[in-house]
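**Q** Just to be clear, the model below is a prediction. Sequence and coordinates:
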Amino acid sequence: MTKLSVNINKVATLRNARGGEVPNVVKVALDCENFGADGITVHPRPDERHIRRSDVYDLRPLLRTEFNIEGYPAPEFIDLVLKVKPHQVTLVPDSPTQLTSNSGWDTKNNLEFLTEVLDTFNNAGIRTSVFVSTDVEMIEYAAKAGADRVELYTEPYATAFPKGREAAVAPFVEAAKMARSLGLGLNAGHDLSLENLNYFYTNIPWLDEVSIGHALISDALYLGLERTIQEYKNCLR
Ligand SMILES: CC(=O)[C@@H](O)[C@H](O)COP(=O)(O)O
Ligand SMILES: NCC(=O)COP(=O)(O)O
């Protein structure tokens, strides 16, 4: 089964627009779980423009499904993750001011750094995932660094999908096969949507997890959160 982890960053963006507690990020996360989500993802950024460190602490004891924390492993992030102990940490190579994630790691050039960070999380019993492009060498080096999983950065798939779905998915299938041959678990995310998710899943049915936020929260404006989550789950069957 491919798990659907709902990324609630955008719920926090909306909440922060007025400075109060509407919408309530914790309530939305718990509702996502009740509506069928298999996990919750957050990406606390250094400027706290959406998810705040306090949200991460508030969520941890209340979530009943898998909690995935994404981010660049700066000292404050490492400290937060070690204190909160989520089910999974996903390492993303973002700079502090970046608009959104826009590339995977260069795992070869960052091998020493990643090995050290992954070791810290592995020793704490937290499953690790490394955000990568479809470059198979980057996947090989993620395995060498000690990752449990890789997360394929799917923005290039989402962008190419309308122009030709077969060509769009082909490099992802090769990358997914490489990850499988190395014994790595496989996640995927960024710009996955109701339009492109089922085709991705159909071609890579051994996917462990997709994390989806931007499109899913946007769809919920029209469909409602419960129906939206069910429709995304239907894309994974
Ligand atoms: C790693 C990844 O692709 C997503 O977490 C993305 O970074 C979402 O972050 P924002 O919601 O800040 O755009
Ligand atoms: N890891 C990807 C993620 O959590 C959500 O990305 P997006 O759906 O907001 O683009």
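**A** Yes, it's here. Numbers count the residues shown, from 1 in each chain. Ligands and ions are numbered 1, 2, ... in the order given.
**Q** Which residues does the helix or strand residue 79 falls within contact?
**A** Using DSSP states H and E, residue 79 sits within helix 75-84. Helix 75-84 is contacted by residues 44, 46, 53, 56-57, 60, 67, 69, 71, 89, 117, 120-121, 124, 126 when judged by CB atoms under 8 Å, 6 or more residues apart in numbering. In this view, the C-beta of every residue, glycine as well, is placed from N, C-alpha and C.
**Q** Also stretch 189-208?
**A** So stretch 189-208 is contacted by 2-3, 7, 41, 100-101, 149, 151-155, 157-159, 161-162, 165, 168-169, 172-173, 176, 180, 185-188, 210-212, 214-216, 219, 231-232, 234-236 (CB under 8 Å, 6+ apart).
**Q** In ChimeraX, how would I select the buried members of those?
**A** Here is the ChimeraX selection string for the buried members of those, based on 16 or more other CB atoms under 10 Å:
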select :2,3,7,41,101,149,151,152,153,154,155,157,158,161,168,169,172,176,185,186,187,188,210,211,212,214,215,216,219,232,235,236
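**Q** among the contacts of stretch 189-208, which are within reach of ligand 2?
**A** 7, 41, 151, 211, 212, 214, 215 (CB under 6 Å from any ligand atom).
**Q** Could you export these as TSV, including secondary structure, pLDDT and distance to residue 137?
**A** Shown next, in TSV, are those (DSSP: H, G, I helix; E, B strand; the rest coil; pLDDT from 0 to 100; distance: CB to CB, whole Å):
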residue	secondary structure	pLDDT	distance to residue 137
7	strand	98	28
41	strand	98	27
151	strand	98	17
211	strand	98	24
212	strand	98	27
214	helix	98	29
215	helix	98	30
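**Q** and the residues you listed as a markdown table, adding distance to residue 17?
**A** Shown next, in a markdown table, are those (distance: CB to CB, whole Å):
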| residue | distance to residue 17 |
| --- | --- |
| 7 | 18 |
| 41 | 21 |
| 151 | 28 |
| 211 | 23 |
| 212 | 22 |
| 214 | 16 |
| 215 | 20 |
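**Q** follow-up on the earlier one: for the helix holding residue 79, which positions count as buried?
**A** Under 16+ other CB under 10 Å, the buried positions of helix 75-84 are 77, 78, 80, 81, 84.
**Q** Please enumerate the strands of this protein.
**A** Ranges of strands in the chain, per DSSP state E, are 3-7, 39-42, 66-71, 88-91, 127-132, 149-153, 185-189, 209-212.
**Q** what's the closest of those to residue 226?
**A** Closest to residue 226 of those is strand 3-7 (CB to CB; 11.9 Å).
**Q** Which residues outside that closest one are in contact with it?
**A** 29, 32, 36-43, 66, 68, 189, 208-214, 216, 229, 232-233, 236.
**Q** Residue numbers of this protein in contact with ligand 1?
**A** Checking the chain against ligand 1 by CB under 6 Å from any ligand atom, the hits are 7, 9, 43, 70, 92, 100, 101, 131, 189, 190, 213.
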